[in-house]
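> next comes the sequence, and after it the predicted model I'd like to discuss.
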There are 2 protein chains.
Amino acid sequence: MDEHPSLAVSTVIFALRDSELWTPLVRRIRQPYQDRWALPGGWVAPQEGLETTAARKLLETTQLDPTYLEQLYCFGDIGRSPSGRVVSVVYWALVRPDQAERSSDDDNVRWFRADALPGLAFDHNRIVEYALWRLRNKMAHSSIAHGFLGETFTLAELRGVHEAVRGATLDPANFRRQVLAGGSIVPTGEHVVGASHRPPALYRYTDATLVDQGPLLASALTDRED
Amino acid sequence: MDEHPSLAVSTVIFALRDSELWTPLVRRIRQPYQDRWALPGGWVAPQEGLETTAARKLLETTQLDPTYLEQLYCFGDIGRSPSGRVVSVVYWALVRPDQAERSSDDDNVRWFRADALPGLAFDHNRIVEYALWRLRNKMAHSSIAHGFLGETFTLAELRGVHEAVRGATLDPANFRRQVLAGGSIVPTGEHVVGASHRPPALYRYTDATLVDQGPLLASALTDRED
DNA sequence: TCGCTTCGAGTCACCCTGACCTGAACCCGG
DNA sequence: CCGGGTTCAGGTCAGGGTGACTCGAAGCGA
């Protein structure tokens, strides 16, 4: 058996804040790219699954426990790292606003707007761009928006997620009609109390299935794709 | 730096024969799973890109040079291989019927119907199943059908590809209307000669872009998947 | 020439979509 | 207490795409 490339795992994290997409990055404390911002990640342990590694590294470095975690792509071009051949299995994750609060925004972890990142280490700028494209793609015909929301939510909140990701405003009435016709959402019967104006109804997702898909469940779902 | 898992590359190949999907498999000549059928592949060389490795191994073991090659998924569960931790970057490919002819169907390489495979080595059954799901998915809103066809083709041939992959018949008239409205196809002006019945017109794809995508081009395309 | 088969084009009802409108419910200020 | 402002909820309406279907055109073979 030949000598094998180094195998790493990284994760692109998205969270919604002020109707915009934000992503946390960690400061590199070693060469190469010392002091540059990079995706959280690390080496794959011999007796640990890839997704498990991604989740563990995420928790260790950013204190985040995402509600959605899926493999994005495996990057293995030669020359990705100046220190030798590295193959990175990259995951992407969604976290809710309340979960994002836990992540300390200190000197080693900082949140950036996903569409205005600084120059990152390695090929991480390209990776985040691809993750953004995949997020927008999947949002179009799937129900990943769930990953950004809590257990219950109003239609305005759900619409806000779609608007933030798509970068465009949506007609509230038409959005309501479509999402209700889809059937993946159901009203809880309760309403928001205390806020101004007419109190909106609360909704809940029917298919609680989120977090980790992979090829196991993929064929069983009626999702599309991408 | 810790000890790293072994890194392999495998490829699921699809070809159209007699209106059905077929896939070539290779016989394993070593342990583990000796003499069992498996996906073609091999170890990643230190100075070779992942996709390049997939294409090279494909050519070496099956004499196939696919018109379409894309990364499918990275499988890295512990326990995939009884001989130790192996992480496999799996690609999937499409070949045209004339290309598939070159692949020798001998004792070490054999073609199987994609929906009726024997018990394969490792977790390769699951991998092929996922590749099939992805193919059907991508066929729905993309123009990958090109990978199965030659430079020019009739609408009946194109429809045959969709019918074979989707496993259902399509209305010829409606299929024509939709695919022509899509604009990804254009008539060459020529017609088939010599065959029975009314001679059908020949068409050609407008966007010649096929073979290898990856995150580089993905964000530039208006594709969805995936 | 007639019959058969496939190709190419057209029709029609239906559903989904986007744009728009109206009333309901609530808070707040006067 | 009352009316303005704002958001929620539901409905209308025209336009475009889809599926099911029909019909003539074009070629081959008996």
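Now that the structure is in, tell me what you want to look at. Note that the coordinates shown come from a computational prediction; the quantities given were computed from them, not determined experimentally.

> return the longest strand along chain A as PDB; C-alpha atoms alone will do.
Using DSSP state E, we find that the single longest strand of chain A is strand A:6-17. What follows is strand A:6-17, C-alpha atoms only, in PDB (Å, rounded to 0.1, in the frame of the first residue of the first chain):
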ATOM      1  CA  SER A   6      -3.300  13.700   4.700                       C
ATOM      2  CA  LEU A   7      -7.000  13.700   5.300                       C
ATOM      3  CA  ALA A   8      -8.800  16.600   6.900                       C
ATOM      4  CA  VAL A   9     -12.400  17.600   7.600                       C
ATOM      5  CA  SER A  10     -13.700  21.200   7.500                       C
ATOM      6  CA  THR A  11     -17.100  22.800   7.800                       C
ATOM      7  CA  VAL A  12     -18.800  25.800   6.400                       C
ATOM      8  CA  ILE A  13     -21.300  27.200   8.900                       C
ATOM      9  CA  PHE A  14     -24.200  29.500   8.100                       C
ATOM     10  CA  ALA A  15     -26.400  31.400  10.500                       C
ATOM     11  CA  LEU A  16     -29.000  34.100  10.000                       C
ATOM     12  CA  ARG A  17     -28.500  37.500  11.800                       C
END
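
> other SSEs contacting that strand?
strand A:20-27, strand A:41-43, helix A:50-62, strand A:86-95, helix A:97-102, helix A:124-140, helix A:155-166 (3 or more CB pairs under 8 Å, 6 or more residues apart in numbering or on different chains; DSSP states H and E). The C-beta positions use only the backbone N, C-alpha and C, and glycine is treated the same way.

> so the helix or strand harbouring residue A:178, near DNA strand D or not?
Assigned by DSSP states H and E, residue A:178 belongs to helix A:172-182. Yes: Helix A:172-182 reaches DNA strand D (CB under 7 Å from any atom of the strand) through A:172, A:173, A:174, A:176, A:177.

> neighbours of the residue lying closest to the fourth one once chain neighbours are set aside, just the number please.
Think residue A:176. Once flanking residues are discounted, residue A:176 sits nearest to residue A:155: 5.5 Å by CB to CB, 6 or more residues apart in numbering or on different chains. The local packing of residue A:155 (other CB atoms under 10 Å in any protein chain shown) involves 18 other residues.

> hmm, residue A:155 is touching residue A:177, no?
No: Residue A:155 is not in contact with residue A:177 according to CB atoms under 8 Å; the separation is 10.4 Å.

> I'd like to know how many residues surround residue A:32.
Applying other CB under 10 Å, I find that residue A:32 has 12 neighbouring residues.

> how far away is it from residue A:86?
Distance, residue A:32 to residue A:86, using CB to CB, to the nearest Å: 10 Å.

> do the same with residue A:30
Counting by CB to CB, the gap from residue A:30 to residue A:86 is 14 Å.

> between the two, point out the one with more neighbours.
Neighbours were counted for residue A:30 and for residue A:86 using other CB under 10 Å; residue A:86 has more, 20 against 8.

> find me the pLDDT at the closest residue to the more buried one other than its chain neighbours, would you?
In space, and not counting its chain neighbours, residue A:86 is closest to residue A:6: 4.8 Å by CB to CB, 6+ apart. For residue A:6, the model assigns a pLDDT of 95.

> run a quick neighbour tally on the spatially closest residue to residue A:102 that is not a sequence neighbour.
Once flanking residues are discounted, residue A:102 sits nearest to residue A:63: 5.0 Å by CB to CB, 6+ apart. Using other CB under 10 Å, residue A:63 has 15 neighbouring residues.

> can you give the domain ranges for chain A?
Here the domain parsing of chain A from automatic domain parsing is A:6-138, A:144-206.

> is DNA strand D within reach of the first one?
No: residues of domain A:6-138 are not located near DNA strand D by CB under 7 Å from any atom of the strand, the shortest gap being 13.2 Å.

> off-centre distance for that domain?
Domain A:6-138 sits 9 Å away from the centroid of its parent chain (CA atoms, centre = their mean, to the nearest Å).

> distance between the ends of that domain?
With CA to CA, to the nearest Å as the measure, domain A:6-138 spans 30 Å from end to end.

> give me the low-pLDDT residue ranges for chain A?
Low-confidence segments of chain A (pLDDT under 70): A:1-2, A:208-214, A:216-226.

> now with 80?
Along chain A, the model assigns pLDDT under 80 to residues A:1-3, A:104, A:207-226.

> residues from it in reach of DNA strand C?
So far as CB under 7 Å from any atom of the strand goes, chain A lies against DNA strand C at A:171, A:173-174, A:177-178, A:181, A:191, A:194-199.

> at 10 Å what do you get?
Residues of chain A lying close to DNA strand C by CB under 10 Å from any atom of the strand are A:141, A:168-179, A:181-182, A:191-200.

> list buried residues within those.
Neighbour counting by 16 or more other CB atoms under 10 Å in any protein chain shown classes A:141, A:175, A:179, A:192 among the residues of chain A next to DNA strand C as buried.

> distance check, the third one against chain B.
It refers to residue A:179. Distance, residue A:179 to chain B, using CB to the nearest CB, to the nearest Å: 19 Å.

> same deal with the second one?
The spacing between residue A:175 and chain B, counted by CB to the nearest CB, is 20 Å.

> tell me, how many residues neighbour the residue nearest to residue A:67 when sequence neighbours are not counted?
Nearest in space to residue A:67, with sequence neighbours left out and distances taken as CB to CB, 6+ apart, is residue A:147 at 4.9 Å. When neighbours are defined as other CB under 10 Å, residue A:147 has 23 of them.
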